[in-house]
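K.L.:
I'll drop the sequence and a predicted model, then ask my questions.
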Amino acid sequence: MPTVAGVQSLDVGGVAYNTAETATYNLGGKQRENIVGGGKGSVGYTEKARAAFIEVKIFLNEGQSSKDVTDAKFQEIKLNCADRTVVMNSGTEVGSGDNDASENSLTVRFEGNSARAVS
């Protein structure tokens, strides 16, 4: 799960939000777990799917509602960074929800089947 610095904005369904400078993401895919058996060392592995995610703290501007973000389902999500853009085609906000009224901010986490990083 990379932590990336130089985050510039988060787009949710075409609407841009200001963000904190760092975020975490995972492109998804498969996760392998080793199977050790009977004193013979590794005898194989199992695989399970790993959800792609993007998690970042956003700051709401005048006219932007937290409900627009927290209710987002199956939206295109773009994490715009100085050196890359992480794109998730069908992201749903899963409610990490750390709200801070003094900063007018909240931490959001979008999950989907897959994501990709574009340089």
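P.N.:
Yep, it's here.
K.L.:
strands paired with the worst-scoring helix or strand of the chain on mean pLDDT, and their directions?
P.N.:
Of all helical and strand segments in the chain, the minimum by mean pLDDT, DSSP states H and E falls on strand 99-100, at a mean of 80. Counting by DSSP bridges, the strands paired with strand 99-100 are strand 105-112 (antiparallel).
K.L.:
can you name the next helix or strand after the strand it pairs with?
P.N.:
Next in sequence after strand 105-112, counting helices and strands by DSSP states H and E, comes strand 115-118.
K.L.:
relative to A5, how far out is the nearest residue to G6 once chain neighbours are set aside?
P.N.:
Closest residue in space to G6, ignoring its immediate chain neighbours: A82 at 3.4 Å, by CB to CB, 6 or more residues apart in numbering. Heads up, the C-betas are built off the backbone N, CA and C, glycines and all. With distances taken as CB to CB, to the nearest Å, A82 is found 8 Å from A5.
K.L.:
max-length strand in this protein?
P.N.:
strand 15-26 (DSSP state E).
K.L.:
roughly how far does A51 sit from G63?
P.N.:
31 Å.
K.L.:
quick one, strands of the protein?
P.N.:
For the chain, strands defined by DSSP E occupy the ranges 3-4, 7-12, 15-26, 29-36, 42-50, 52-59, 75-81, 85-93, 99-100, 105-112, 115-118.
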